[in-house]
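Novice: Fold the following.
(chains A and B)
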There are 2 protein chains.
Amino acid sequence: MAPSLAERDSASEPNPILVEVWRGNVVESVHRGAISVMSDRGESIAAMGDIARPVFPRSAVKMIQALPLIESGAADRFRLTDVQVALACASHSGEREHVRTVESWLNMMALTPGALECGAHAPFDRGAADELVRSGVAPSALHNNCSGKHAGFLATAMHAGDDPHGYVEASHPVQRRVSLALGEMMGADVALAPCGTDGCGIPAFAVPLQAIALGMAKLGSGHGSAPVRAAASRRIVTAMMALPWLVSGTGRFDQRAMMLGGGRFATKMGAEGVHAAIIPGRGLGIAIKIDDGAQRAAEVAMAAVLVKLGVLDGGEAEALCRVRLRNSKGREVGRIVAAGEGDGSSTPRRNGFVGVSRASAEAG
Amino acid sequence: MAPSLAERDSASEPNPILVEVWRGNVVESVHRGAISVMSDRGESIAAMGDIARPVFPRSAVKMIQALPLIESGAADRFRLTDVQVALACASHSGEREHVRTVESWLNMMALTPGALECGAHAPFDRGAADELVRSGVAPSALHNNCSGKHAGFLATAMHAGDDPHGYVEASHPVQRRVSLALGEMMGADVALAPCGTDGCGIPAFAVPLQAIALGMAKLGSGHGSAPVRAAASRRIVTAMMALPWLVSGTGRFDQRAMMLGGGRFATKMGAEGVHAAIIPGRGLGIAIKIDDGAQRAAEVAMAAVLVKLGVLDGGEAEALCRVRLRNSKGREVGRIVAAGEGDGSSTPRRNGFVGVSRASAEAG
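Specialist: From the prediction side, this is the model:
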């Protein structure tokens, strides 16, 4: 039986503080978590906190979940390009072009949006959500951030000749293929992993953070994979880095990070404070879990790790994370920073990876 | 110099886990924090975590910030009723009636919304925000959740004959009266407290959590206050409990909690995971700060404390917190619970106040 985070807490050290939220000269809130950087050979390159405890990777492993779409031949059968492959990995913002592209893809397969089993939610993008409100149209499954992934599941099922109905269930051949790929890429025994249901209805498996990082590293380099998988991995990572907007959406972290990265890395958020990244040229994978599930912290921590690994510069990282907190009148009242970076004034940087802070607060 | 949370972290124990987020049979995320329950005599009735470290109370002390409005005679001068007094303490949802009532109040004082210095943001209430989008009207300062508090500041300034302009500045007589009330009620030296700027532009002072709880206890009973303050305190707490919707908004925690409370207690949220409560009949005050700033956790912890203190029953608490996590198709996939309450199945309750969990996860 896998230990829960709470059980572990009473037995061992809590995870370190990774991110601080400053208001004036005071740390108002903090975010704890764990970080794993793994090589495609399975070496732990850097780590903070407990990287062995099982966590749900959520949407951060959509790239691995997309492998069967390509490996099965479904992607070629339906003549999918980088556009659909990027959408299969996406937690998209439900903007007009995301929705239109998923719908076209379904049309190509002679399916309607009714085939999607992901449920509906309002677009992540504020403007897109407002546009729906103005036009009096209810959000559909197409607007669900996972609709591209689900279109990929449908393609996989149809190509294999499986009844697509119920493709979200653990017992459906599509999810069995997906589980197999997850287990193989992460070196984790998914059959025994603690299991839950993801936001879009598919099974979610809790695995060690280091397993997620390893899966990312292997996706990036193809090391240790059979040729078919290595090619599928390359195709997925290439599509993400080529089309970051499709993977994410206007102004969001992954879109902007991959634009800045210019092919050096791919990043992918997951719900509840998970973030993953792939650095293909270095054979490295990164996985981050913020204990409390805060996305604001996962983004700041991810940017700090990318800086530390030399694939992003400090100025880019700051712009990326929108770390400046502004009040309703637009005045800057605080900042969100990686622990150890203090309030951005006189605090010395730490030697640590993303160190536990001892930043001094200048009391007002 | 007050220690920051991060400094403290390396020197002493981290705060305990107060709330767990379960997905399936796994703890997916956790929230740490501190809880203080104080009597109006200054006795610590119950405590978890570090209740001495300074935290920003944010909007949880709007009731104390409203004292000068009443004590100065401004409330009587402008013939304010429970309606305006409740709004002065509100973090309202910007629904039509909230906005209309603040605007009427300003009209009563021959002011326009342009006098408000709180800035604008979209209404908290989704329906109200959508209504603005549909009508093509931009959110105004009236929609700011703090607009009632600011109307109260304007009333205080005008009654005293002060120029209302700049009433948000620390040096303005209004904020000096407010700071004085905060210091007196919380027994804290506000002049030396770490200071920041709140979301609505006024000064924010970081004080120990136990000081916030003490202030709440004294507000509820009037113990130790001069007759004018005791009467003002009673008027404020009575108005909140009589008109919970005005203090909060449709479906929100404070509105529903005070409806259930039926005059037994008043609750008030603040940003970044702060929650305060007053139990007037018992002379008790409660203050909670979630380390990571998560409101979902502050609400669950507050409900658990109210249950523990016997002013709310367990079924009410569960309904109140909407602890069931549902996916996009409406299926229950998890729960948010006070630590030690496990996944709601077979896990035994702990003896602790809101104990640090050792709940066992039944691995799937």
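Novice: ok, now how distant is the nearest residue in space to A:Asp82 that is not next to it in sequence from A:Thr81?
Specialist: In space, and not counting its chain neighbours, A:Asp82 is closest to A:Ala239: 3.9 Å by CB to CB, 6 or more residues apart in numbering or on different chains. For every residue, glycine as well, the C-beta is placed using N, CA and C. In this view, A:Ala239 and A:Thr81 are 8 Å apart by CB to CB, to the nearest Å.
Novice: Tell me which of these two has more neighbours.
Specialist: More crowded of A:Ala239 and A:Thr81, by other CB atoms under 10 Å in any protein chain shown: A:Ala239, with 25 against 11.
Novice: show me the contacts for the more buried one.
Specialist: A:Asp82, A:Val83, A:Val85, A:Ala86, A:Cys89 (CB atoms under 8 Å, 6 or more residues apart in numbering or on different chains).
Novice: Determine which two of these are furthest apart.
Specialist: A:Val83 and A:Cys89 (11.5 Å; CB to CB).
Novice: Look at the two and report which has more neighbours.
Specialist: Ranked by neighbour count (other CB under 10 Å), A:Val83 and A:Cys89 place A:Cys89 first, with 29 against 16.
Novice: Would you mind confirming that that one makes contact with A:Lys62?
Specialist: Yes. With contacts counted by CB atoms under 8 Å, A:Cys89 reaches A:Lys62, the gap being 4.6 Å.
Novice: So for those two, which residues contact both of them?
Specialist: With CB under 8 Å, 6+ apart as the test, A:Cys89 and A:Lys62 both reach A:Lys149, A:Lys268.
Novice: Up against chain B, what does the stretch 101-250 of chain A have?
Specialist: A:117-121, A:130, A:133-134, A:144, A:146, A:192-201, A:204, A:206 (CB under 8 Å from any CB of the partner chain).
Novice: and if we set it to 7 Å?
Specialist: Contact residues (CB under 7 Å from any CB of the partner chain) of the stretch 101-250 of chain A with chain B: A:118-121, A:130, A:133-134, A:144, A:194-197, A:199-201, A:204, A:206.
Novice: that older thread, tell me the SS of the residue nearest to A:Asp82?
Specialist: Assigned by DSSP: H, G, I helix; E, B strand; the rest coil, the conformation of A:Ala239 is helix.
Novice: Could you report the pLDDT at A:Glu318?
Specialist: According to the prediction, A:Glu318 has pLDDT 85.
Novice: likewise A:Gly364?
Specialist: A:Gly364 is given a pLDDT of 25.
Novice: Kindly report the same for A:Ala46.
Specialist: Reported pLDDT for A:Ala46: 98.
Novice: Confirm it sits in a strand?
Specialist: Yes. Counting by three-state DSSP, A:Ala46 is located in a strand.
Novice: okay, now it: neighbour count?
Specialist: 17.
Novice: can you tell me the residue of the stretch 151-300 of chain A closest to chain B?
Specialist: A:Gly196 (2.9 Å; CB to the nearest CB).
Novice: how close does the nearest residue to that residue once chain neighbours are set aside get to A:His121?
Specialist: Nearest residue to A:Gly196, sequence neighbours excluded (CB to CB, 6+ apart): B:Gly24, at 2.9 Å. The gap separating B:Gly24 from A:His121 is 20 Å, by CB to CB.
Novice: Can you list the buried residues in the helix or strand A:Ala34 falls within?
Specialist: Using DSSP states H and E, A:Ala34 falls within strand A:26-39. Along strand A:26-39, these residues count as buried under the neighbour rule (16 or more other CB atoms under 10 Å in any protein chain shown): A:26-39.
Novice: In TSV, list these along with distance to chain B and pLDDT.
Specialist: Output for these, formatted as TSV (distance: CB to the nearest CB, whole Å; pLDDT from 0 to 100):
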residue	distance to chain B	pLDDT
A:Val26	4	95
A:Val27	4	96
A:Glu28	5	97
A:Ser29	4	97
A:Val30	5	98
A:His31	5	98
A:Arg32	7	98
A:Gly33	10	98
A:Ala34	12	98
A:Ile35	16	98
A:Ser36	17	98
A:Val37	22	98
A:Met38	22	98
A:Ser39	27	98
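Novice: Pick out whichever of those sits closest to B:Leu182.
Specialist: Looking across the buried residues of strand A:26-39 and measuring by CB to CB, the closest to B:Leu182 is A:Val26, at 15.8 Å.
Novice: Kindly tell me how buried the residue nearest to that closest one when sequence neighbours are not counted is, as a neighbour count.
Specialist: Excluding the flanking residues, the one nearest A:Val26 by CB to CB, 6+ apart is B:Pro194, at 4.4 Å. When neighbours are counted by other CB under 10 Å, B:Pro194 registers 25.
Novice: same thing with A:Ala188?
Specialist: By other CB under 10 Å, neighbour count at A:Ala188 equals 21.
Novice: so is it in a helix, a strand, or just coil?
Specialist: Assignment for A:Ala188 (three-state DSSP): coil.
Novice: ok, it touching A:Val207?
Specialist: Yes. Counting by CB atoms under 7 Å, A:Val207 is a contact partner of A:Ala188 at 4.2 Å.
Novice: Can you give the contact residues for stretch A:205-216?
Specialist: A:2, A:34, A:36-38, A:42, A:44, A:51-57, A:60-61, A:64, A:182, A:185-188, A:190, A:193-195, A:276-278, A:285-287, A:289, B:26 (CB atoms under 7 Å, 6 or more residues apart in numbering or on different chains).
Novice: quick one: which of the residues of the stretch 101-250 of chain A next to chain B sit in strands?
Specialist: Using DSSP state E, the members of these that fall in strands are A:Cys195, A:Gly196, A:Thr197, A:Ala204.
Novice: Tell me who's in contact with the third one.
Specialist: Just to be clear, that refers to A:Thr197. A:Pro203, A:Ala204, B:Gly24, B:Asn327, B:Arg331, B:Val333.
Novice: List the residues that contact the residue of the stretch 251-364 of chain A found nearest chain B.
Specialist: Proximity of the stretch 251-364 of chain A to chain B (CB to the nearest CB) peaks at A:Ser328, 2.9 Å away. For A:Ser328, the contact set (CB under 7 Å, 6+ apart) comprises B:Cys118, B:Gly119, B:Ala120, B:His121, B:Asn144, B:Gly199, B:Cys200.
Novice: Report the contact partners of the second one.
Specialist: By CB under 7 Å, 6+ apart, B:Gly119 lies in contact with A:Asn327, A:Ser328, A:Lys329, B:Ala141, B:Asn144, B:Cys200, B:Gly201.
Novice: quick one: contacts for the fifth one?
Specialist: Read it as B:Asn144. A:Ser328, B:Cys118, B:Gly119, B:Ala120, B:His121, B:Cys200.
Novice: Name the surrounding residues that touch stretch A:96-107.
Specialist: In contact with stretch A:96-107 (CB under 7 Å, 6+ apart) are residues A:83-84, A:87, A:92, A:112-113, A:115, A:128, A:142-143, A:147-148, A:151, A:246, A:249.
Novice: So for it, what gets flagged as buried?
Specialist: Going by 16+ other CB under 10 Å, stretch A:96-107 has these buried residues: A:His98, A:Val99, A:Thr101, A:Val102, A:Glu103, A:Trp105, A:Leu106.
Novice: Now the fifth one, what are its backbone angles?
Specialist: Meaning A:Glu103. phi -60, psi -40 (degrees, to the nearest 10).
Novice: In three-state terms, label the residue nearest to A:Pro57 when sequence neighbours are not counted for me.
Specialist: With sequence-adjacent residues excluded and distances taken as CB to CB, 6+ apart, A:Pro57 is closest to A:Ile212, at 5.0 Å. The three-state assignment at A:Ile212 reads helix, by three-state DSSP.
Novice: What's the local residue count around A:Ile212?
Specialist: So A:Ile212, with other CB under 10 Å, has 32 neighbours.
Novice: cool, and A:His159?
Specialist: Neighbour tally, A:His159, other CB under 10 Å: 18.
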